[in-house]
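> Task: produce atomic coordinates for the following.
(chains A, B, C and D)
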2 protein chains.
Amino acid sequence: MPTTDDSRIDTAELDARKAAILNAVVTEYIGSAQPVGSQHVVDAPGVSVSSATVRSDMAALERDGFLAQPHTSAGRIPTDKGYRFFVDHLAGPGSLDPGGRHQVRQFFDHAHGEIEQMLERTSGLLADLTDCTAMVVGPSHESAVIRSVQLVGMGSRQALLVVVLADGAVQKQSIEFGEEVDEARLSDAAARLAAHSLGLPLTQVRAKVPSTGDRSTDAVTAVGVRALRALGAADGGEHLFVGGSSRMAAAFDAVETVRSVLTILEQQLVVVTLLRDILDTGLSVAIGTEHGVEPLASCAIVVMPVSVDGVETGTIGLLGPTRMNYPLALAAARVVGDRLGERLSEASR
Amino acid sequence: MPTTDDSRIDTAELDARKAAILNAVVTEYIGSAQPVGSQHVVDAPGVSVSSATVRSDMAALERDGFLAQPHTSAGRIPTDKGYRFFVDHLAGPGSLDPGGRHQVRQFFDHAHGEIEQMLERTSGLLADLTDCTAMVVGPSHESAVIRSVQLVGMGSRQALLVVVLADGAVQKQSIEFGEEVDEARLSDAAARLAAHSLGLPLTQVRAKVPSTGDRSTDAVTAVGVRALRALGAADGGEHLFVGGSSRMAAAFDAVETVRSVLTILEQQLVVVTLLRDILDTGLSVAIGTEHGVEPLASCAIVVMPVSVDGVETGTIGLLGPTRMNYPLALAAARVVGDRLGERLSEASR
DNA sequence: GTTAGCACTCCACTCTAGTGAGTGCTGAAC
DNA sequence: GTTCAGCACTCACTAGAGTGGAGTGCTAAC
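Now for the predicted structure:
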C-alpha cells in the first residue's frame, strides 16, 4: 500500500500550527463548554493566519480524529484523542494559584488527629482546589509493621482483637469463643500472638504465623490467630474517601449522566481497582473511554500515587468531565499527593 | 370575628370524601410525578361522585392549602401541608414487601465485622429498600464504658493512645512527647490512666479524671490524660454514613436541585444536627421546609432513632423528594432501625 | 501555501396555530 | 344544599414555518 497509512498519524507529531490550533480549541472549550469556531482561534498565540486557513487545518485535525463537529455548521470540540494530545504534548506543567497554594499549606499545617479523618478532609481539599470530585485511597496497611497486639474481653465469651500498626492505624476484629474465657487466658493468648507477630507486616503474618495445629497453642490462641490472619482481608485493607461528589452535578447538565457517575462512585471496590488499573498502565490521566468503565465515558480521571517512605502505597484520584482543567488538576494532585505522602511518612516513623 | 376562622382548619379533620380525594391525589402523584386531574380520582375508593364534584372538592382543598396547581389548567399536586396530612392521617402503617423483608433478614444474618463497616452497609441496604438516600448516624460512643486503655510507642517521642470501648469501638489519639520516653514509662503511664478511667464512659472521663496538677502524675501521664480527655471530642463522637446518594439524581430532573442537595450531604455536621433537630421536635417525618434547610425544600426526611440497650443513641435518616413513598420509607426505617439496635445491643453486652 | 469572498448548512430562536387535559361555573335534578 | 352534566375557557405542550447568525467548505486569486 503506497498511500499514506492513517494509523501512523497516531504517533506522528502535529506541525506547529496545527498543534497551536488544537491547543486553542481545547483551552477555549474547557473554559466555555461551547463548540469553538475558526474565528475564535485566529487570535491565539502561534496562529497568525486567517480564519480560512484555520478552517482547513481544523478540517485536517478532524480527519485525523483530534476534533469533532457536533453538526455540520457548528464549531469543533476536542475528541478524547484531542484531549490526549493536549495532555501529552501541549499542556504546560500547570501550577496552583497563590490562593490554592496557601490553602494547601494551611491544610497541612493544621492537619492532625486520626489518619482516616485526615484522608477524608484531603478529599475535600482536592475537590475545593480543582472543582472536581476527589478520590483518596488510603495507604494500604498491608506492609505496615505490627506494633502491638491486644485482646480485650467484651463479656465472658467475646473479645476484641486490637492490633496497632506502625503507620498509626488500628485494626480490630471481634472474636467469639465457644467457652467462657477469663482475663488471664486472654492476656496469655495475647502474649503468644504478640510473640509470633510483633514486628511483622500483615502480609507476613498471613504467610508466617502458623495457622493452627501447633501443639503449644490452646483454643483461645488458635481463635486469635485466625482473627489475626483475617485482619484487613475484609475490605482489602484499602479504604476510599470521596469528596466533592456534588461537583459532578455541576459539571454535567444531563441528570442521567450525573446519576450513573454517582452510582459508580458508590462502589468503592470498582473505584479503587479503577484507579489502580490506571496507575498500572502507567498513565496519570485516563480520558473518556480509555479506562473502559462505560458510565464514565464522558469523564476524565487524573491519578497520582502517594508515596509513604518511598513506597507507592496510596492513591489520589480526580474525576471530572473530559473538559476538565487538566493542568490544574495535575498540579493539585501532585502537590497534595506529595504533601500527604510526606505527612504520612512522618507519622509512620 | 363571627366568620369562619381559616387558621383553625389546620387542625380540623377533613370530611371523609375530601380526605379520600386528597389521599388519591397524593398516592397517584407519588407514583406518576404528574399533576393529577379530577378524572383520575373518581375511581379511587371512597370517592363515588362525578368528576365535577371532585373538582369542587379539589378547589376547596386548594383553598385550604392541601393542594396546589402548577398553572390554571393543570391538575393538582399536593403541597407540603397536603403531604403532612397524608402522613399523619391517611397513610397506612406500611410494610416491606416480602423481598425487602428477606433482604433485611439476609443482611443482618450475614452482618459481621467492624461496626463502622456494618453501618456503612446499612446505609446501602436502606437506600436499596427505599430508593432514597440513606443516612446512618453511628451511635455516639460518649456513653460507652472504657474497657481498655493502652499506650503504644511509635518511635522514641511519639505514642498512640488506644482506648477500647464496651460497644466495640476503638478510639485513638496520637501523642507527642517533649522528651524521649521508653516502654517502661509508657506502660507505667498507661496503668495510671487505666486506673483512673476504666469502667467510666467518655463523658465521665472528661468530668472526673483530674486534668493535671495531681502531684503523683509525671509528665507522660499528664500528656496521656490530656489525650484521653480529647478523645472523641474531635468529631463530636458521631460519624455519618451516607448511602445511595445517586438516588437523588434519579429523583429530580433539575440538575441544580441535585447539586444543592449533594452539597448539603457533604456537610456531615449539618446533616447530623439536622437529623437530631428533627428528632428533638418529636417528628419522624420532616416535609419540605419544615426542617428549615432551604436547599432541601423539595425534599422530605424520614428519621428513626436507633436504640442500643434501651437508649436512643443512633439515628437513621432517609432523604427523598417530597413525593417519596412515605409508608415504605417509614416501614423500612423502623424495621432496619430496630434490627440494627438489637444488633448493636448484643455487641455491647 | 494563504486568503478573501461566497454559497451553503443547520442550530437556536420566535411566532403561530392546533390540540388536549384540565379547570371553573351554571343551572337543573334529586 | 348537594350532586352533576354541560359548556366555555385556560394554558402547557407540540409541530411547523420563518429568520438570524455562527460556522463551514469551496474556489479563485495572490
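
> give me the low-pLDDT residue ranges for chain A?
Within chain A, the stretches falling below the threshold (pLDDT under 70) are A:1-12, A:113, A:209-217, A:232-237, A:347-349.

> the longest helix in it is where?
Taking DSSP state H as the criterion, chain A has its longest helix at helix A:326-347.

> Now it: buried residues?
In terms of neighbour count (16 or more other CB atoms under 10 Å in any protein chain shown), helix A:326-347 has its buried residues at A:326-337, A:339-341, A:343-345, A:347. Glycine gets a C-beta too; all of them are placed from N, C-alpha and C.

> can you check stretch A:57-66 too?
Those buried within stretch A:57-66 under the rule 16+ other CB under 10 Å are A:57-58, A:61, A:64, A:66.

> Among those residues, name the ones in strands.
Judged by DSSP state E, the subset of the buried residues of stretch A:57-66 located in strands is empty.

> which one of those is nearest DNA strand D?
A:M58 (5.4 Å; CB to the nearest atom of the strand).

> A:I21 is in contact with the closest one, correct?
Yes: with contact defined as CB atoms under 8 Å, A:M58 reaches A:I21; the gap is 6.5 Å.

> quick one: common contacting residues for those two?
A:V41 (CB atoms under 8 Å, 6 or more residues apart in numbering or on different chains).

> Count the neighbours of A:A111 for me.
17 (other CB atoms under 10 Å in any protein chain shown).

> next one: A:S140
21.

> And what about it, helix, strand or coil?
Using DSSP: H, G, I helix; E, B strand; the rest coil, the structure places A:S140 in coil.

> quick one: it from DNA strand C, how far?
Between A:S140 and DNA strand C the computed distance is 47 Å (CB to the nearest atom of the strand, to the nearest Å).

> Same check on A:E346?
When distances are taken as CB to the nearest atom of the strand, A:E346 and DNA strand C turn out to be 53 Å apart.

> cool, and A:V223?
In this structure, A:V223 lies at 65 Å from DNA strand C, with CB to the nearest atom of the strand as the measure.

> Next, count neighbours for whichever residue of the stretch 1-150 of chain A sits closest to chain B.
When distances are taken as CB to the nearest CB, the stretch 1-150 of chain A reaches nearest to chain B at A:S148, 4.3 Å away. Summarising burial for A:S148: neighbours were counted as other CB under 10 Å, giving 20.

> tell me which element it is part of?
Secondary structure assignment for A:S148, by DSSP states H and E: strand A:146-153.

> A:G314 too?
A:G314 belongs to strand A:311-321 when assigned by DSSP H and E.

> in chain A, which spans are strands?
Secondary structure of chain A, counting by DSSP E: strands at A:67-68, A:77-78, A:133-137, A:146-153, A:158-165, A:170-176, A:240-243, A:285-287, A:299-308, A:311-321.

> Does the fifth one reach chain B?
Yes: judged by CB under 8 Å from any CB of the partner chain, strand A:158-165 and chain B are in contact via A:160, A:162, A:164.

> For the residue lying closest to A:V293 once chain neighbours are set aside, give me its contacts.
Excluding the flanking residues, the one nearest A:V293 by CB to CB, 6 or more residues apart in numbering or on different chains is A:L274, at 6.0 Å. Residues touching A:L274, when contacts are defined by CB under 8 Å, 6+ apart, comprise A:291, A:293, A:301.

> Can you tell me which residues in the stretch 51-200 of chain A are near DNA strand C?
By CB under 7 Å from any atom of the strand, the residues of the stretch 51-200 of chain A that approach DNA strand C are A:52-53, A:56, A:70-74.

> Looking at those residues, which one is closest to DNA strand C?
Taking CB to the nearest atom of the strand as the measure, DNA strand C sits nearest to A:S73 out of those, at 2.6 Å.

> So that closest one versus A:S143, what's the distance?
For A:S73, the distance to A:S143 (CB to CB, to the nearest Å) stands at 58 Å.

> The closest residue to DNA strand D within chain A: how many residues sit nearby?
With distances taken as CB to the nearest atom of the strand, chain A approaches DNA strand D most closely at A:G37, which sits 2.5 Å away. By other CB under 10 Å, 18 other residues sit near A:G37.

> residues contacting A:S148?
Going by CB under 8 Å, 6+ apart, the list of residues near A:S148 reads A:162-164, A:194, A:198, B:150, B:152, B:162.

> Also A:E180?
Taking CB under 8 Å, 6+ apart as the criterion, A:E180 is in contact with A:156-157.

> Backbone dihedrals for it, please?
When quoted as degrees, to the nearest 10, the phi and psi of A:E180 stand at phi -70, psi 140.

> re earlier: beta-bridge partners for the residue of the stretch 1-150 of chain A closest to chain B, please?
A:V164 (DSSP bridges).

> Are any of the contacts of A:S148 buried, and if so which?
Applying 16+ other CB under 10 Å to the contacts of A:S148, the neighbour count classes A:162-164, A:194, B:150, B:152, B:162 as buried.

> returning to what we had before: leaving out chain neighbours, which residue sits closest to the residue of chain A closest to DNA strand D?
Here the residue nearest A:G37, using CB to CB, 6+ apart, is A:G75, at 3.9 Å.
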